[in-house]
Every structure is written in structure tokens, then in C-alpha cells.
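>>> Below is the sequence, then the predicted model.
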Number of protein chains: 2
Amino acid sequence: MSAARAKSGKPASPQTASAWGDPGYEQGVVELLSLLACGEFMAFERLVTEAQLAPRLAQRVRVSQLAVGELAHYNLLRARIAELGYDPEECMEPFVGPLARYHASTAPSDWLEGLVKAYVGDSIALDFYREIAANLDPDTRELILEVCGELGQTEVVLEEVRAAINADPRVAGRLALWGRRLMGEALSQSQAVAAEHDGLMTLVFGAASGITDGAGLMDRLVGAHVARMKALGLSA
Amino acid sequence: MSAARAKSGKPASPQTASAWGDPGYEQGVVELLSLLACGEFMAFERLVTEAQLAPRLAQRVRVSQLAVGELAHYNLLRARIAELGYDPEECMEPFVGPLARYHASTAPSDWLEGLVKAYVGDSIALDFYREIAANLDPDTRELILEVCGELGQTEVVLEEVRAAINADPRVAGRLALWGRRLMGEALSQSQAVAAEHDGLMTLVFGAASGITDGAGLMDRLVGAHVARMKALGLSA
């Protein structure tokens, strides 16, 4: 990370001067923004690629229009990382491998699996970022909440998945298994990232984030996942 | 095409009332806009998908940002088809197969082939549309010239391909063969489209377009292709 540092990062606003005075805090925030930016860009790529499994052109177009929102989020995050004085691409590069492994291990075999992944998989990640953001400095928090906002995929996915289950109830069993696999792979790759990024882990499970209870965080993430699966008509 | 017709198409401007009074002209224009729209959307999908062959994240991002311009073009074309009273997706559906076959038969095996395809392949198509547009009604012409504008891919491709040839001159021979294949596959799929769309062919090679000499059109398309290959440092 130090190699990526080009010039001194500045406090983003006066209120946050104390948090920014801690180099560990700054490093953690830059790593968090870089992970999130890389995740947004690769989510864009995967959405466009995996939507090509859709039976109709109109469905592919609909998903691609949503995906462009992820690219806009990437641009916001990239601009902030640069503003803090770091080389965005260099900061993101270490996260490409783990994210690529997550996507490779969850390549959908059809359009429905792709939809469930776009909703269930991405939501697990977004819940995680929103939890961390809650106690960070206001500028970082606002940026993270903005880029973790709903892009409209929930509506598309609920509509399509419910229609498919109505047409053939056996689909529900297969997609329920798929949802569990998405959760498992997301956790596995998160652990790989955590093991290699101390600054990020200190930020996530430390005084700055206010999250001192990792098990509590996990309970909340799993709870939200179960609720989403239920909304889709799937057992978690 | 008639099944896709929802309500009466209106002349887009007073000057074009006479051309629009001819139902053959209207059908030809709607087919042309549908082919172009479908082509723009699938070019967006392929650019995002094929950029994933790039060695660095920054290159993937750069190509994806360009690709979003193609999606914006798709949206403009889709809106015009709807404005003329047709169902855009229904009008585009017949072109999905031939365009998918073109992309399947020209799947790049690496990042450089992907770049040459994005530039050389797309340019052949854009030259064709610009030729046809020259003599159509002003509203249709303006729209086509707008969506066939340069998105900045030329600069990216020239930069990357020249650098690769400098680093290893043997690359030039392989990419020259690849450029010829792109031209061949583009012609082959164009013929397949032409054979099934009489309205489009009447528009392209008729009084409305002013193109009565198919061989002359072909000469100009091939000439432009050869010039582009040369600019890349490749023999055509």
C-alpha cells in the first residue's frame, strides 16, 4: 500500500481531522474504498457478462442498464482514492484476485442463477460495507452509503425469480442450494482478503468502526441473507 | 415486422413527408434502426466481456467506460423506434442471431485480438451505416451519424497495438490475419441479414439511399478497412 502513496492524504473535512491523523485509520479507509471500488467494477463486468444467459434481448438490456450504475459507483470511489493521494489502480490490484476467484467459483449456469447471484451475492457485500461505514468519518460514510444504494436490481430479480418458481416449483430447491453456495463462497473469499490486509481488518474490527463483536456482525449479515432468500420464495 | 407495429408511424419532420409516405421506406428505416440498435447493444456486451482478457484492471476499466457510450447509442435508437410506433425489442429480435454468430465466430483469444476487433470490426459496420445514412431523410441521417460517432476507441487501440508490435514484431503477422478474418466474417453475416430482410435491402440499394452501385460501396468499405489496418501497422 505504501508504494501506491503519491502525496499526502488530507482530512476530508474538519470534523474528521482526529481520525485522519492516525495513519492506520487512513490506510484502512483507503483499503476499504479500494476493495469496494474493485468490487463495484467487477460486479459491473459480471452483470453484463452473466446477463447474456437471459433468453430475451430485453432482459439483457434491462440488467445492463442497472450494471452501468455500478460503473458510476466505481468512478466515485476511484476519484476519492485519488483525492486522498493514492494511485487507485495500484491500490485495487491486490483485490482483483480474491474477487475474480469469488466470481469464478459462482459462475451461474443459467439466467435464474445469475439473477439470484446479482441480488443475494451483491447484497451480502453491501450489507457488510454499510455496517462498517456506520461509525467511520462522515465523508467516508456518506460515500459508502451512496455507492451501496439500491440500483433497482431487487425489483427485477423478485419479479423474474417468482415468475420462474410459479411456472415450475422445482426451481425453488435448486435456487435455494445456489443461494447457500453464494453465501459460503462470499465468506471464504472474505476470509482470504482479511488474512492479507491488516489495515482493513483493524479498521473493520476496531474502535473506529465500533464493531468489537465479530460474531454479532456475522449474525446480522446472515439474518439479512435469510430474509432476502425468503422474499424470493427460497429456503435459506 | 408488421406484427411489431403498434400505432401509426409519423413523419419525423415536414421535409421528409414524401419519403415517409412510402410504406416501404418506413419499413426499411425501422429495420435499419433495429439492426443498428441491436448491433450497438451487442457491441457494448462484447466490449465489456472481451476487455476481461486485458492484463491490467485499468485497461478493463478504460474499455468499459468506452462501451457505456454504445449503450447510450442503443437508448437513442430504441427511443426513435418506439417513437415511430414500433415495439423496439420485437423489431430487434430477428437481428440477434446473425450478430451473435458474428461475435461467436470472432471471439478473440487474447486482449490484442479483442482490441483490433473493437476497432476494425466495429468500424466496418459504422462505415456501412454512414454510407446508407447519407441520402436518407434528415432526422434519420442525423440520428445515425450521431450514434456512429467515434467514442475514443481509436486512440486506445492505436496506442496498445503499436506498443505490442514494438515489443514483439511477430505480433503484427498474427493480427493482420485476424483483421482479414474480421472482414470476412462481417461480410458473411451481412449477406445472411440481407437475404432475410427485403425492406432493408430495398432501402440500402435503392433510390432512397442513392446507392445503386453495390460494387462501389464495397470498394469504399474495403478501402477504409485497408487504411485502418495500415494505421495500426498491419498489412490488410
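Perfect, I can see it now. Numbers count the residues shown, from 1 in each chain, chains lettered A, B, ... in the order given.

>>> For the nearest residue to A:L151 once chain neighbours are set aside, identify the helix or strand it belongs to.
Closest residue to A:L151 apart from its sequence neighbours, by CB to CB, 6 or more residues apart in numbering or on different chains: A:G69 at 4.2 Å. No exception for glycine: its C-beta is placed from N, CA and C like everyone else's. Under the criterion of DSSP states H and E, A:G69 resides in helix A:57-83.

>>> Buried ones in that helix, by neighbour count?
For helix A:57-83, the neighbour count (16 or more other CB atoms under 10 Å in any protein chain shown) marks A:57, A:59-64, A:66-71, A:73-75, A:77-78, A:80-81 as buried.

>>> again, but for stretch A:192-205
Neighbour count says stretch A:192-205 has A:V193, A:H197, A:G199, A:L200, A:T202, A:L203, A:V204, A:F205 buried, by 16+ other CB under 10 Å.

>>> neighbouring contacts of the strand or helix carrying the fourth one?
According to DSSP H and E, A:L200 maps onto helix A:198-204. Surrounding helix A:198-204, the residues in contact under the criterion CB atoms under 8 Å, 6 or more residues apart in numbering or on different chains are A:1, A:24-25, A:27-32, A:35, A:132, A:136, A:193-194, A:209, A:211.

>>> Stretch A:139-146 now?
For stretch A:139-146, the external contacting residues (CB under 8 Å, 6+ apart) are A:12-13, A:16, A:29, A:32-33, A:36, A:73, A:76-77, A:80, A:129-130, A:132-136.

>>> Return the distance of that stretch from the chain's centre.
14 Å (CA atoms, centre = their mean, to the nearest Å).

>>> now stretch A:151-160
Relative to its chain's centre, stretch A:151-160 lies at 17 Å (CA atoms, centre = their mean).

>>> What are the contacting residues of that stretch?
A:59, A:62-63, A:66, A:69-70, A:111-112, A:115-116, A:118-119, A:122, A:231-232.

>>> swap in stretch A:58-70?
For stretch A:58-70, contacts defined as CB under 8 Å, 6+ apart pick out A:40-41, A:43-44, A:47-48, A:51-52, A:54, A:111, A:118, A:151-153, A:156, A:160, B:41, B:44-45, B:68, B:71, B:74, B:89.

>>> Check stretch A:164-180 too.
In contact with stretch A:164-180 (CB under 8 Å, 6+ apart) are residues A:108, A:112-113, A:116-117, A:120, A:161, A:225, A:229, A:232-236.

>>> Please flag which of those residues sit within helices.
Secondary structure defined by DSSP state H assigns A:L112, A:E113, A:V116, A:V161, A:H225, A:M229 of these to helices.

>>> Quick check: the closest residue to the second one other than its chain neighbours vs chain B, distance?
Leaving aside its chain neighbours, A:E113 sits nearest to A:W178 (5.3 Å; criterion: CB to CB, 6+ apart). Between A:W178 and chain B the computed distance is 22 Å (CB to the nearest CB, to the nearest Å).

>>> per-residue confidence averaged over the helix or strand where A:W178 lies?
Element membership of A:W178 [criterion: DSSP H and E] is helix A:171-196. Helix A:171-196 carries an average pLDDT of 90.

>>> Next, the buried residues of it.
Under the neighbour-count criterion of 16+ other CB under 10 Å, helix A:171-196 has A:171-172, A:174-176, A:178-180, A:182-183, A:185-186, A:189-190, A:193 buried.

>>> List, one by one, the residues from chain A near chain B.
By CB under 8 Å from any CB of the partner chain, the residues of chain A that approach chain B are A:38, A:41, A:44-45, A:48-49, A:51-52, A:56-58, A:60-61, A:64-65, A:68, A:71, A:74, A:89, A:92-93, A:96.

>>> so A:L99 makes contact with A:G39?
Yes - A:L99 lies in contact with A:G39 (CB atoms under 8 Å); the separation is 5.9 Å.

>>> The two - which one has more neighbours?
Neighbour totals were compared for A:L99 and A:G39, and A:G39 leads with 24 against 20 (other CB atoms under 10 Å in any protein chain shown).

>>> Surely the more buried one is within a strand?
No - counting by DSSP: H, G, I helix; E, B strand; the rest coil, A:G39 is not found in a strand; it is helix.

>>> so it makes contact with A:F95?
Yes - using CB under 8 Å, A:G39 makes contact with A:F95 at a distance of 7.3 Å.

>>> Got the confidence number for the closest residue to A:G199 other than its chain neighbours?
Spatial nearest neighbour of A:G199, chain neighbours left out: A:Q27 (3.9 Å); criterion: CB to CB, 6+ apart. A:Q27 is assigned 91 on the pLDDT scale.

>>> do the same with the one 4 residues further on
In this model, A:E31 is scored at 95, pLDDT.

>>> Apart from its chain neighbours, what residue comes closest to it?
Among residues not flanking A:E31 along the chain, A:L200 sits closest, at 4.2 Å (CB to CB, 6+ apart).

>>> Also A:A107?
Using CB to CB, 6+ apart, the closest residue to A:A107 is A:E50 (7.8 Å).

>>> what's the distance between that neighbour and B:R170?
36 Å (CB to CB, to the nearest Å).

>>> now do A:A208
Taking CB to CB, one finds A:A208 at 53 Å from B:R170.

>>> between those two, which one's more packed in?
A:A208 (20 against 8).

>>> picking that back up, in whichever helix or strand comes after the helix holding A:G69, what's buried?
Sequence order places helix A:88-105 as the next helix or strand after helix A:57-83, per DSSP H and E. By neighbour count, with 16+ other CB under 10 Å as the criterion, the buried positions of helix A:88-105 are A:88-96, A:98-100, A:102-103.

>>> Include pLDDT and distance to B:A215 when you put the residues you listed into TSV, please.
Converted to TSV, those look like this (pLDDT from 0 to 100; distance: CB to CB, whole Å):
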residue	pLDDT	distance to B:A215
A:P88	96	51
A:E89	93	49
A:E90	94	53
A:C91	96	56
A:M92	96	51
A:E93	94	52
A:P94	93	56
A:F95	95	54
A:V96	95	50
A:P98	92	56
A:L99	93	52
A:A100	94	49
A:Y102	92	54
A:H103	94	48
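
>>> Return the member of the residues you listed nearest to chain B.
Proximity of these to chain B (CB to the nearest CB) peaks at A:E89, which lies at 4.3 Å.
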